[in-house]
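# Here you go, sequence then predicted model.
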Amino acid sequence: MKRSVRRRNGWTMPALSAIIFLALALAVGCTSGRGAVKTDRPSAGGVSGTVYAPVEGVYIYVYKKGADPYGPAYVILPSPTREDGSFSVALPPGEYTVVARRRANLENSGPLSEGDLRSAPVIIRVGEDGRVPLTLLMN
């Protein structure tokens with residue numbers, strides 16, 4: 001039996017809905033679908049900081065309490081640190097482990113390889129209001 005799909009201007013409705021959803025998610029800056037957003041100005045809760053040596057092109061990874069900091073991250077900031085090494089991410093209250101990594105291939109995911117730089121994992125606690133200041137040193 002042939003099934004008909006309603007089309008609008010050559011697009012199927014499910015495809016059009018998916019495109020609209022993706023455009024809206026990118027417009028609001030979603031990073032992982034879990035509510036964390038990279039911001040240039042501080043919000044009520046989260047972490048803001050600076051990465052040193054190197055400062056630019058470093059990705060910040062946030063893991064929930066108890067998660068393996070070498071496994072999949074709760075949040076990966078969608079873009080690397082800015083020229084001054086600064087970063088900021090809004091997070092719901094809770095305990096997290098934060099790690100900075102800069103892969104030699106400049107990608108934001110995949111296993112670490114020789115020549116990649118990283119910081120030591122740092123445990124932070126985000127409260128209801130207020131931001132956690134953080135400095136990460138690469139080695």
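Received the coordinates, thanks.
# How much space separates residue 61 from residue 99?
As judged by C-beta to C-beta, to the nearest Å, residue 61 and residue 99 stand 5 Å apart. No exception for glycine: its C-beta is placed from N, CA and C like everyone else's.
# Looking at these two, which is more packed in?
residue 61 (23 against 18; other C-beta atoms under 10 Å).
# Sort out which residues of the helix or strand where that one lies are buried, please.
Here residue 61 sits within strand 59-64, counting by DSSP states H and E. In terms of neighbour count (16 or more other C-beta atoms under 10 Å), strand 59-64 has its buried residues at 59-63.
# closest to residue 116 among those residues?
Set against residue 116, the nearest of the buried residues of strand 59-64 by C-beta to C-beta is residue 59 (10.8 Å).
# and residue 107, how many neighbours?
Burial measure for residue 107: 10 neighbouring residues, criterion other C-beta under 10 Å.
# go on, residue 91?
Residue 91: 23 neighbours (other C-beta under 10 Å).
# residues contacting residue 117?
Residue 117 sits next to 54, 58, 101-102, 138-139 when contact means C-beta atoms under 8 Å, 6 or more residues apart in numbering.
# Can you spell out which residues form a bridge with it?
Beta-bridge partners recorded for residue 117 (DSSP bridges): residue 102.
# Next one: it from residue 127, what distance?
Per C-beta to C-beta, residue 117 is found 30 Å from residue 127.
# And the pLDDT for the nearest residue to residue 95 once chain neighbours are set aside?
On the basis of C-beta to C-beta, 6 or more residues apart in numbering, the spatially nearest residue to residue 95 that is not a chain neighbour turns out to be residue 65, at 3.9 Å. Here the pLDDT value assigned to residue 65 is 92.
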